[in-house]
Structure formats: C-alpha cells, structure tokens
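K.L.:
Sequence and predicted structure, then a few things I'm wondering about:
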Amino acid sequence: MPAIQVRHLSKKYQIYRRPGDKLLELLRPGRNQLHQEFWALEDVSFNVEPGETLGIIGQNGSGKSTLLQILAGIMRQTRGDCLVRGKVSALLELGCGFNPEFTGRENVFMNGAILGFDTPAMEQRFDAIARFAEIGDFMDQPVKTYSSGMFMRLAFSVAIHVDPDILLADEVLAVGDLVFQHRCMHRMNQLRAEGKTIIIVTHDLGAVTRFCDRALLLDQGRLLEEGRPDLVVQRYHALVFERERRYGGLDTVTSDQISADTTAVSGEIPVVHSIPNVDYRFGNGEAEVLGIELLDDKGNSSREVFGGQKVVVRVSARFMQDVDRPILGYTLRDRLGIEISACNTSYAGRLLPPARKGQIMTSDFCIKLPHLAAGSYSLSPAVARGNVLKHDMCDWIDNALVFNVRPEDLVYGMLKMNVEVQNYVGAVPEPLTTDH
Ligand SMILES: Nc1ncnc2c1ncn2[C@@H]1O[C@H](COP(=O)(O)OP(=O)(O)OP(=O)(O)O)[C@@H](O)[C@H]1O
Ligand SMILES: [Mg+2]
C-alpha cells in the first residue's frame with residue numbers, strides 16, 4: 001500500500017492587488033470581487049511507496065512548497081485527495097511550527113509535544129538533538145535571534161529525532177553550511193537505510209540524481225514528468241533551456257569567437273553516423289548531431305576501455321542553416337547519471353569556423369582516460385551555437401553511446417587519482433616494565 005497517495009490535487013490561491021483589498025471585499029459582500037484566482041497546483045496525481053526517496057524539482061513558483069505543505073497537513077487543498085499513511089515530520093521553508101519568541105530548547109519540547117512526545121520522551125532525545133544541531137549556547141536564546149542556517153539546523157535536528165515514518169524536507173540542503181550539509185546527507189542516508197519514506201524538494205539537481213529513487217518535475221502547478229531522477233533532471237534542463245531561448249537571444253559576438261581557430265581540414269573529413277541510443281533529444285534544429293563514436297588508439301570503434309587508455313571521442317554534426325559560432329562537444333556520465341566530465345570546442349579553445357547551411361563538421365576529442373571505477377558510462381553529444389558562457393542548443397542527445405570501463409585496477413570511489421604517500425613512523429616504544 002503506498003505511503004502517500006495524491007489524486008487530482010489542486011490548490012487555488014486568492015491574490016489581492018492591494019493589502020487592504022481582502023478586508024474591503026469582506027466588508028461589502030456581493031460587490032465586485034477584488035481578488036484574482038491563481039492555481040498553484042492543478043490536477044497533480046502520484047504515489048509514493050513506503051521506503052522510497054522522492055525528489056521534487058521545478059522552477060521558482062512551480063508549486064513545490066505548496067504541495068509539501070498540503071502533504072504535511074499544514075494547508076488544505078482546493079480539490080482532489082491526499083492520503084498520507086504514517087507519522088509525518090516536516091521540515092518546511094517557513095515556520096516548521098517554531099515560535100520565534102521562545103528559546104530553542106522550549107521550541108524543541110513544544111515541537112515534540114505537537115508530534116505526540118511528552119516531556120520525558122523529549123528529555124531522552126534532547127541531548128542527541130542538541131549535539132546534531134550544534135548551535136551551542138543559542139539553544140537558550142529566543143529563536144528570533146537565530147540566523148536562517150541555525151534555525152534550519154535545529155528544525156532539521158528535531159525532525160529527524162522524532163522517529164518519523166515520512167520525512168518531508170523543503171530546501172534544507174540550501175541553508176546549512178558545508179559541514180552541516182554533509183551531516184544532513186549522512187543522516188538522510190541512514191533514514192533511507194532504515195526504510196523511511198523521504199520527499200525532498202530541492203534546486204540541487206545533483207543531489208536528486210545521487211540520492212533519490214524517483215523524481216517529479218512540477219511546472220506551473222502541473223506534473224510534467226515523473227520517473228528516473230536522471231531523466232527527470234534532463235527534462236528539467238531542456239525546459240529551462242527552452243525558456244531561456246524564448247526569453248532572449250544570445251549575446252553579441254565576443255572577440256574570442258571572431259578569430260575562429262580553423263584547424264578544420266577542407267575536402268575529405270572523417271564523419272561518424274552512428275547514434276546507438278537516444279534517451280532524450282532536444283534542440284532548436286539549426287544543426288543535428290550525425291553521430292558519435294569512441295575510438296581506441298588504433299582508430300577502431302570501441303565499447304570497452306580501461307583506465308589510462310588513450311581514446312578519441314568523435315562527434316559529427318550537420319548544419320541545417322548558417323550557424324555563426326558553432327560548438328561541438330560531449331558530456332561523460334556514469335551509470336547513475338552523474339556528470340563526470342564534459343568538453344566542447346569552445347571550452348577547449350579550439351573554435352570552429354562559422355558553419356554554412358548543409359555543411360558537416362567533425363571534432364575529435366583526444367583523451368587519456370583517468371582511472372575510472374569499472375562499470376558502464378555514457379556519452380551525450382551536442383552541437384550548439386554561441387560560446388561557453390551562453391549558447392543556444394541546436395541538438396543534444398542524451399546517453400547516445402554507452403561504453404564499459406574494464407576493471408583493471410582496484411578503484412575506490414569514482415576514480416583513482418595519482419597520490420604520493422609520505423609516511424612518518426615514530427620510534428618503537430620501550431617495552432613497559434611491570435613491577436609487582
Ligand atoms: N499564500 C499564497 N497566496 C497567494 N499565492 C501564493 C501563496 N503561496 C504561494 N503562492 C503562489 O503559488 C505559486 C507556487 O508557490 P510555491 O511556493 O509552491 O512555489 P515553489 O515551487 O516552492 O517555488 P520556489 O522554488 O521559489 O520555492 C507561486 O506562484 C506563488 O506566488
Ligand atoms: Mg518553495
């Protein structure tokens with residue numbers, strides 16, 4: 001049975017143009033409405049299974065916090081149903097049930113009481129809460145004197161020490177300092193391992209791919225995409241890109257782009273036509289990726305490589321119209337969708353000349369592979385117009401080519417780095433004399 005069931009959930013806000021309008025409307029019923037209606041959520045449906053970690057992403061104002069507040073029972077929906085099974089501990093943008101006039105300590109006990117813990121039960125937990133929040137003497141100061149980071153530290157600490165079945169967290173990762181962020185992630189991983197259901201709202205897309213089992217993309221109150229975190233994040237990138245493109249054109253030509261580094265050979269050029277896989281593809285169609293290939297040091301196509309090997313990533317594209325500042329490039333990701341590295345002709349300072357309609361260009365990226373952990377990796381080729389800082393995507397293909405890194409060497413973590421180790425060994429201690 002799902003831990004959370006959301007069916008056709010909608011939320012309408014009433015927006016008043018002037019602060020006094022709400023009162024005015026109340027005082028003269030039947031007269032003209034002074035408010036406008038605004039749907040912050042529209043017909044959103046999804047389930048969350050027990051033990052699942054769900055990430056919710058979307059642009060500012062897309063309805064994420066509204067959704068979490070409804071799940072936490074702080075706000076009522078206008079339409080639809082929302083069923084939550086289990087004890088919820090919510091860590092929301094504002095409030096979190098803390099009273100600013102009371103001290104941190106008093107708030108911890110009041111918060112506990114709201115969640116059904118009496119004073120002795122909270123006393124048992126208090127030390128652990130204080131140790132985790134690590135706000136020192138501020139514990140006995142009124143909460144209104146806290147910085148937003150300190151406030152969040154205490155709220156997070158309470159939320160995870162009250163044995164919730166479901167943890168709802170809105171933007172918690174954004175406020176704390178680095179040490180606290182690590183501590184939060186570690187604790188969230190523990191909660192996950194204990195089989196708790198977790199929903200996090202965040203703008204940290206890397207955290208979504210690393211940490212979540214599934215993700216939702218909200219856009220203008222609607223559920224736009226649901227599924228594997230890396231694919232949902234990609235969809236979000238595409239959405240943002242589209243908006244940027246519609247919002248405004250590209251910067252004017254920069255001087256680095258005028259003198260194109262024409263290393264291109266005219267006449268016969270190598271062209272690759274293979275696109276083994278398309279997970280997601282987007283772009284404005286001004287150019288298209290014709291193919292991507294991974295070549296070994298003998299120039300043969302390869303899907304099995306090893307750390308330290310020299311390889312070439314070859315990307316070919318055809319231009320469907322004149323493109324003044326073309327860029328070819330790729331992104332390398334691991335099997336979890338985490339970006340390991342990326343390169344393109346602009347970033348590498350090897351600029352392509354302006355492209356004419358119908359022209360084909362190929363770029364070879366010659367790489368001495370780092371000692372990556374064994375496993376499968378993917379390459380996503382792209383062709384764009386602009387420069388490193390600002391570009392318009394012509395064609396992007398997600399995970400077009402998947403290849404394997406052979407287990408040659410023992411690699412801890414993502415990759416093996418060149419590390420020189422220096423040891424300092426102290427003198428052997430004198431044997432202890434035992435006098436009886
Ligand atoms: N109390 C309210 N009254 C009127 N409109 C509101 C209210 N709260 C939120 N909204 C509007 O509802 C929309 C969704 O807001 P919400 O806070 O859920 O967005 P969000 O996705 O959490 O954004 P962010 O990424 O900025 O935190 C926004 O357009 C916001 O202006
Ligand atoms: Mg929000």
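P.N.:
The structure has been received and is ready for your questions. Ligands and ions are numbered 1, 2, ... in the order given.
K.L.:
Can you tell me the SS state at whichever residue of the stretch 301-436 of the chain sits closest to ligand 1?
P.N.:
Of all residues in the stretch 301-436 of the chain, the one sitting closest to ligand 1 is G337 (21.9 Å; C-beta to the nearest ligand atom). Just so you know, the C-beta spots here come from the backbone N, C-alpha and C atoms, and that holds for glycine as well. Classification of G337 using DSSP: H, G, I helix; E, B strand; the rest coil returns coil.
K.L.:
Report the beta-bridge partner residues of the closest residue to A342 other than its chain neighbours.
P.N.:
Leaving aside its sequence neighbours, A342 sits nearest to T331 (C-beta to C-beta, 6 or more residues apart in numbering; 4.2 Å). For T331, the beta-bridge partners are A342, S380 (DSSP bridges).
K.L.:
what's near enough to touch T331?
P.N.:
Applying C-beta atoms under 8 Å, 6 or more residues apart in numbering to T331 gives the contacts 339, 341-342, 379-380, 382.
K.L.:
mind running it again at 7 Å?
P.N.:
Neighbouring residues of T331 by C-beta atoms under 7 Å, 6 or more residues apart in numbering: 339, 342, 380.
K.L.:
And the helix or strand harbouring D230, what's buried?
P.N.:
In this assignment (DSSP states H and E), D230 forms part of helix 229-247. Across helix 229-247, burial judged by 16 or more other C-beta atoms under 10 Å covers 229-239, 241.
K.L.:
sorry, back to before: apart from its chain neighbours, what residue comes closest to the residue of the stretch 301-436 of the chain closest to ligand 1?
P.N.:
Leaving aside its chain neighbours, G337 sits nearest to D230 (2.8 Å; criterion: C-beta to C-beta, 6+ apart).
K.L.:
didn't the one you found look like it was pressed against V208?
P.N.:
No - using C-beta atoms under 7 Å, D230 is not in contact with V208; the gap is 8.6 Å.
K.L.:
need the residues of the protein near ligand 1, please.
P.N.:
Contact residues (C-beta under 6 Å from any ligand atom) of the chain with ligand 1: 13, 15, 38, 40, 58, 60-66.
K.L.:
In PyMOL, how would I select the buried members of these?
P.N.:
Applying 16+ other C-beta under 10 Å to the residues of the chain next to ligand 1, the buried members can be selected in PyMOL as follows:
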select buried, resi 40+58+62+63+64+65+66
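K.L.:
Just the closest of the residues of the chain next to ligand 1 to V405, please.
P.N.:
G58 (34.1 Å; C-beta to C-beta).
K.L.:
mind checking how far the closest one is from L68?
P.N.:
Distance of G58 to L68, given as C-beta to C-beta, to the nearest Å: 12 Å.
K.L.:
any idea which helix or strand comes after the worst-scoring helix or strand of the chain on mean pLDDT?
P.N.:
Scoring the helices and strands of the chain by mean pLDDT, DSSP states H and E places helix 255-258 at the bottom, with a mean of 40. The first helix or strand that comes after helix 255-258 along the chain, using DSSP H and E, is strand 281-282.
K.L.:
Not counting the next helix or strand after that next one itself, show me its contacts.
P.N.:
Scanning forward in sequence from strand 281-282 by DSSP H and E, the next helix or strand is strand 287-295. By C-beta under 7 Å, 6+ apart, the list of residues contacting strand 287-295 from outside reads 271-275, 301-303, 311-320, 323, 326, 330, 360, 379, 381-383, 394-395, 397, 400-401, 403.
K.L.:
Low-confidence bits of the stretch 1-150 of the chain, can you list those?
P.N.:
Within the stretch 1-150 of the chain, the segments meeting pLDDT under 70 span 93-96.
K.L.:
What count of nearby residues applies to A121?
P.N.:
Residues lying near A121 (other C-beta atoms under 10 Å) number 16.
K.L.:
three-state assignment of it?
P.N.:
helix.
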